[in-house]
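Visitor: Pasted the sequence and its predicted model underneath.
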Amino acid sequence: MAKTLGKDSTCSIARSLEVLGDAWTLLIVREAMLAGSTRFQEFRDALGIAPNILTKRLTFLVDEGLMERRGYREPGERARTEYVLTEAGHGLTTVIAALASWGRTHRPHPEGTSPQFALADSGTAARLAFVTAAGERVRPEHLTAHRRPDAASDTDTV
C-alpha cells in the first residue's frame with residue numbers, strides 16, 4: 001500500500017499520505033479513537049468494510065506502527081487478536097479533529113455527526129486551534145506556510 005508520492009518524498013505531507021492516504025485507514029483509526037474499537041468484528045460492524053480489505057488495512061497499520069496486536073481470550077473461546085492504537089496512532093487525534101472540523105464547515109450534512117473532543121478527567125470541551133508561542137489564537141486565513149527542515153522545532157519562528 002505504501003508508495004512514494006511524486007518526486008518530493010522528503011515532504012512531511014507526502015510521507016504522511018504514504019501511510020494515511022487511503023480512506024479506510026483513517027476510518028479504522030477514527031473507530032479505534034472515537035468508539036474504542038479494538039476487535040476485528042467491531043471494525044467490520046462499524047464500517048461495513050469487506051473482511052479482506054480490513055485484514056489488509058489492519059496489518060498495514062500494525063506494520064506502520066500506528067496500531068499493535070494484542071492477544072485476548074473470552075472465557076470458553078479461542079484466543080483472538082485485538083488492535084490497539086499506539087502513541088503514533090493516538091498522535092493522529094489532531095488530524096481526525098481537523099478533518100472533522102473541515103467536514104462540518106465545508107461539507108455539512110443535515111443528519112451529520114462530528115466528534116467532540118474533551119479533557120478525559122473533567123469532560124471540558126477542547127477545540128483544535130493554531131496558537132502562537134505567546135498563547136494568541138490565530139485564524140487559519142491569517143497564516144502563511146513555508147517549507148522548513150523537519151529537525152526545526154514547532155516553536156521556532158519561520
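Guide: The structure has been received and is ready for your questions.
Visitor: could you pull out the strands for this structure?
Guide: 67-72, 80-85, 130-131, 137-138 (DSSP state E).
Visitor: Of all the ones you listed, which one comes closest to M33?
Guide: Smallest distance to M33 across the strands of the chain (Cβ to Cβ): 6.6 Å, for strand 80-85. For every residue, glycine as well, the C-beta is placed using N, CA and C.
Visitor: which other residues reach that closest one?
Guide: By Cβ atoms under 8 Å, 6 or more residues apart in numbering, the surrounding residues in contact with strand 80-85 are 29, 32-33, 38-40, 43, 58, 61-62, 66-74.
Visitor: any idea of the pLDDT on the spatially most central residue of the chain?
Guide: Residue closest to the average C-alpha location in the chain (Cα atoms, centre = their mean): L92, at 3.5 Å. With respect to pLDDT, L92 scores 97.
Visitor: quick one: low-confidence parts of the protein?
Guide: Of all residues in the chain, those with pLDDT under 70 make up the ranges 1-8, 153-158.
Visitor: what about the helices in it?
Guide: With DSSP state H as the criterion, the chain has helices at 12-20, 23-30, 40-47, 51-63, 87-90, 93-106.
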